[in-house]
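> Generate coordinates for the sequence data below:
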Amino acid sequence: MSMQLVEKRQHIVKEFDVAKFLENPYHWLNEQAIGKKLNWLLAHAEDVIIWGQLKGDVLATSIPEINQYAPHLREVRLFGETGEWLLWRERANWRGRLIEEGDGLICQTYDEPHLMWGSKVVSASEDFSIVSEERDVLELVLPIASLPAERQTRVALKVRHTLDYDKDGQAFIDCSRLAGLGKLTWSDESTWQIQDI
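Now for the predicted structure:
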């Protein structure tokens, strides 16, 4: 885990066009992914996790008809190196916020890897793999074409933390967001190294 200084422009958006999102969630997500250069989708519905990856100008999803799950969606994240849209349902209402990085304040950030479920590929296609653990029946669909055969390599979510300081100079995490997916490899120096997928 390394600390680095980055320039960051942070926008907190509390209102967004709910009607356009609810009318056609896939179209809205695809448009936002292209416009904001957000390469990854992670959506939680009542009974399914939906992954996606921007391929050119098409958001490929693990479930072909994501719109049919719209009434059951609880949380949706579009994320990448440039920022993150987080949409969530509060009872019957949707809320959202956008964090973008770019021109603006200089902030300290660090990326933290979070290991994903799955050490072996059960099946794979061009865009997605079904993975599981060695001794478990639970399977998960991830937006990766394949996993390396080495046991020291795992898929990880990259979580970016932005630091701030209180009046006494104590550092604290001001906000956190998803920033990407990577392959996490155990190195000879006994540390985990994350590489973008």
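> in the longest strand along the chain, what counts as buried?
In the chain, with assignment by DSSP state E, the single longest strand is strand 171-186. Across strand 171-186, burial judged by 16 or more other Cβ atoms under 10 Å covers 175, 177-185. All C-beta spots, glycine's among them, are computed from the backbone N, C-alpha and C.
> Could you save the residues you listed as JSON lines and add columns showing distance to R74 and pLDDT?
Formatted as JSON lines, the buried residues of strand 171-186 follow (distance: Cβ to Cβ, whole Å; pLDDT from 0 to 100):
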{"residue": "C175", "distance to R74": "21", "pLDDT": "87"}
{"residue": "R177", "distance to R74": "18", "pLDDT": "93"}
{"residue": "L178", "distance to R74": "16", "pLDDT": "95"}
{"residue": "A179", "distance to R74": "22", "pLDDT": "93"}
{"residue": "G180", "distance to R74": "22", "pLDDT": "93"}
{"residue": "L181", "distance to R74": "21", "pLDDT": "90"}
{"residue": "G182", "distance to R74": "25", "pLDDT": "83"}
{"residue": "K183", "distance to R74": "28", "pLDDT": "80"}
{"residue": "L184", "distance to R74": "27", "pLDDT": "79"}
{"residue": "T185", "distance to R74": "33", "pLDDT": "76"}
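> tell me which strands and helices the longest strand of the chain is in contact with?
On a contact count with 3 or more Cβ pairs under 8 Å, 6 or more residues apart in numbering; DSSP states H and E, strand 171-186 meets strand 40-45, strand 73-80, strand 83-90, strand 105-115, strand 153-165, strand 192-196.
> try it again with 7 Å
strand 40-45, strand 73-80, strand 105-115, strand 153-165, strand 192-196 (3 or more Cβ pairs under 7 Å, 6 or more residues apart in numbering; DSSP states H and E).
> Not counting its own residues, what contacts the first one?
Here strand 40-45 makes contact (Cβ atoms under 7 Å, 6 or more residues apart in numbering) with 29, 50-53, 59, 61, 69, 72-80, 143, 178, 180-181.
> What helix or strand is I34 located in?
For I34, the host element (DSSP states H and E) is helix 25-36.
> Let's see stretch 88-103 as PDB, backbone CA atoms only.
This file holds the C-alpha atoms of stretch 88-103, laid out as PDB (Å, rounded to 0.1, in the frame of the first residue of the first chain):
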ATOM      1  CA  TRP A  88     -28.600   3.800  -3.900                       C
ATOM      2  CA  ARG A  89     -32.200   3.200  -3.000                       C
ATOM      3  CA  GLU A  90     -33.600   4.700   0.200                       C
ATOM      4  CA  ARG A  91     -37.000   3.100   0.600                       C
ATOM      5  CA  ALA A  92     -38.900   4.100  -2.600                       C
ATOM      6  CA  ASN A  93     -36.400   6.900  -3.600                       C
ATOM      7  CA  TRP A  94     -33.100   6.800  -5.400                       C
ATOM      8  CA  ARG A  95     -30.200   9.000  -4.400                       C
ATOM      9  CA  GLY A  96     -26.800   9.400  -6.000                       C
ATOM     10  CA  ARG A  97     -23.400  11.000  -5.700                       C
ATOM     11  CA  LEU A  98     -20.500  11.500  -8.100                       C
ATOM     12  CA  ILE A  99     -16.800  11.800  -7.200                       C
ATOM     13  CA  GLU A 100     -14.500  12.800 -10.000                       C
ATOM     14  CA  GLU A 101     -10.800  13.200 -10.000                       C
ATOM     15  CA  GLY A 102      -9.100  15.900 -12.100                       C
ATOM     16  CA  ASP A 103      -8.300  19.600 -11.800                       C
END
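> I appreciate the help and will end here.
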